[in-house]
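Peer 1: 3D, please:
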Amino acid sequence: MNGNYKIISKFIKDISGETADIETYLYVKDYISKYQLNIEINSKPLKEQIIEVNTLLKFHDTSKSKKKSHFEMTYTSVIKLNEEIKDKKILQKIILCDVQKEIYPELEKALLNLLHTSGYPNIKFEKKVDFDELYNKQFN
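Peer 2: Numbering: from 1, shown residues only. Below is the predicted model of the structure:
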């Protein structure tokens, strides 16, 4: 817990790995290094000072290829805000940056586990997500 919020619950809300057939699997195995990780974050208030934060990770092929696998996970965090948090900018930073930095190691581990058990054991995410940088690009 930091001074502004506390994560009171977190869990995998939805997880999916789809590969249509063996031909697609063999094709993807050769080209999965070209896949990209996308992150979407949304939130909704549940009750006074409690917010549901949903982080959606998509690991997918952005090319025009017909042979694709699709991997997606929604990870939900329920946070309780400190009573003093009223400023919208502080709230945005908590949801889009602070909570994400705290939960991301678990998200990455769960998504990599999905990929590894889907038959892609050598996948790693070399580049770490810098939530501070992403937040600053979007809001500064």
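Peer 1: helices of the protein, start to end?
Peer 2: For the chain, the helices defined by DSSP state H occupy 22-31, 88-93, 99-117, 131-139.
Peer 1: not counting sequence-adjacent ones, nearest residue to the most centrally placed residue in the chain?
Peer 2: Ranked by distance to the mean C-alpha position of the chain (Cα atoms, centre = their mean), the top residue is residue 57 at 3.7 Å. Of all residues beyond its chain neighbours, the one nearest residue 57 is residue 73 (4.9 Å), with distances taken as Cβ to Cβ, 6 or more residues apart in numbering. C-betas here are computed from N, CA, C, even on glycine.
Peer 1: that neighbour: neighbouring residues, count only.
Peer 2: When counting by other Cβ atoms under 10 Å, one arrives at 20 neighbours for residue 73.
Peer 1: before we move on, back to that, right, so of the helices of the chain, which gets closest to residue 64?
Peer 2: helix 22-31 (12.4 Å; Cβ to Cβ).
Peer 1: quick revisit: tell me which of the helices of the chain sits most buried.
Peer 2: helix 99-117 (a mean of 16; mean count of other Cβ atoms under 10 Å).
Peer 1: and the contacts of that helix?
Peer 2: For helix 99-117, the surrounding residues in contact (Cβ atoms under 8 Å, 6 or more residues apart in numbering) are 5, 7, 10, 12, 15, 17, 39, 41, 53, 55, 57, 59, 71, 73, 75, 77, 79, 123-125, 129, 131-132.
Peer 1: what pLDDT does the closest residue in space to residue 5 that isn't next to it in sequence get?
Peer 2: Spatially, and ignoring its direct neighbours in sequence, residue 5 is nearest to residue 79 (4.8 Å; Cβ to Cβ, 6+ apart). Per-residue confidence for residue 79 comes out at a pLDDT of 97.
Peer 1: and residue 79, what does it touch?
Peer 2: Contacts for residue 79 (Cβ under 8 Å, 6+ apart) come out as 5, 6, 7, 8, 50, 51, 53, 94, 95, 99.
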